[in-house]
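[1] predicted model, plus sequence, below.
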Amino acid sequence: MQHKPCRGFTILEILIAMMILGGAIAVIGELARSGFRAARNAQLTTQAELLAESVLAQVRIGIIGTETVVDQPISAEDFLDTGASDQGRGEPLWLYSIDVQTIDEDGLLELAVTVRQNVPEEQRPVACRLVRWLVDPSFDAEEAEEEEEEEETTPETAEDLP
């Protein structure tokens with residue numbers, strides 16, 4: 001009896017092909033998960049940057065004072081449409097801190113605004129820190145008072161009179 005040559009795949013070839021397919025699907029799944037994580041991190045970083053800019057703008061126009069504060073909650077009412085809502089958690093998603101330092105230059109303040117997620121450190125919270133130099137509001141007031149005092153103490157001369 002003669003043996004007929006087999007025309008199909010052996011079970012070993014099918015098992016090897018299935019292992020290669022399974023490995024490829026696992027790698028693609030991990031790449032998709034990594035991409036999702038990176039996209040979510042980029043979204044949260046952008047929210048943190050927008051919130052930090054908002055806090056800085058509120059300090060510059062005087063809504064928030066130029067005092068050092070730590071971990072103040074950002075409420076959704078203060079910053080509409082920025083993802084700052086607590087989403088039913090009962091606590092704010094974002095916290096801000098303001099660090100104010102005087103600079104060697106007269107009348108300038110270094111204002112550092114830090115916004116961070118209100119999550120445990122194990123979850124690696126996203127944070128953003130902006131630093132700006134501002135004119136010290138108290139220096140402006142002192143300078144205005146000095147100018148008024150100079151005007152009051154300056155004697156009028158005969159040329160100044162009509």
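    The structure has been received and is ready for your questions.

[2] every contact and neighbour count from this point should use C-alpha atoms.
    OK.

[3] which stretches of the chain form strands?
    Along the chain, counting by DSSP state E, strands occupy 69-73, 94-102, 108-117, 127-135.

[4] in a markdown table: the ones you listed, plus mean pLDDT.
    Rendered in a markdown table, the data for the strands of the chain read as follows (pLDDT from 0 to 100):
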| stretch | mean pLDDT |
| --- | --- |
| strand 69-73 | 88 |
| strand 94-102 | 90 |
| strand 108-117 | 90 |
| strand 127-135 | 89 |
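
[5] out of the ones you listed, deepest packed?
    Ranked by mean neighbour count, the strands of the chain are led by strand 108-117 with a mean of 22 (mean count of other C-alpha atoms under 10 Å).

[6] that strand vs strand 127-135, what angle?
    Note on geometry: by axes from the mean of the first three to the mean of the last three C-alpha atoms, to 10 degrees, strand 108-117 and strand 127-135 are set 160 degrees apart in direction.

[7] which strands or helices does the longest helix along the chain pack on?
    Taking DSSP state H as the assignment, the helix of the chain that covers the most residues is helix 11-61. Counting by 3 or more C-alpha pairs under 8 Å, 6 or more residues apart in numbering; DSSP states H and E, the packing neighbours recorded for helix 11-61 are strand 108-117, strand 127-135.

[8] reformat these as CSV; add distance to residue 4.
    What follows is these, written out as CSV (distance: least, C-alpha to C-alpha, whole Å):
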stretch, distance to residue 4
strand 108-117, 70
strand 127-135, 71
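
[9] now the strands of the chain in CSV, with distance to residue 54?
    Listed next are the strands of the chain as CSV, based on distance: least, C-alpha to C-alpha, whole Å:
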stretch, distance to residue 54
strand 69-73, 13
strand 94-102, 11
strand 108-117, 10
strand 127-135, 11
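
[10] nearest to residue 62, out of these?
    Minimum separation from residue 62 across those (C-alpha to C-alpha) falls at strand 127-135, 12.0 Å.

[11] what packs against the closest one?
    With contacts defined as 3+ C-alpha pairs under 8 Å, 6+ apart, the secondary structure elements packing on strand 127-135 are helix 11-61, strand 108-117.

[12] export that strand to CSV, keeping only CA atoms.
    C-alpha atoms of strand 127-135 as CSV (Å, rounded to 0.1, in the frame of the first residue of the first chain):
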residue,chain,number,x,y,z
ALA,A,127,0.2,68.6,38.3
CYS,A,128,1.0,71.8,36.6
ARG,A,129,3.1,74.7,38.0
LEU,A,130,3.2,78.2,36.5
VAL,A,131,5.5,81.0,37.7
ARG,A,132,4.9,84.7,36.9
TRP,A,133,6.5,87.9,38.1
LEU,A,134,3.9,90.5,39.1
VAL,A,135,4.1,94.1,40.4
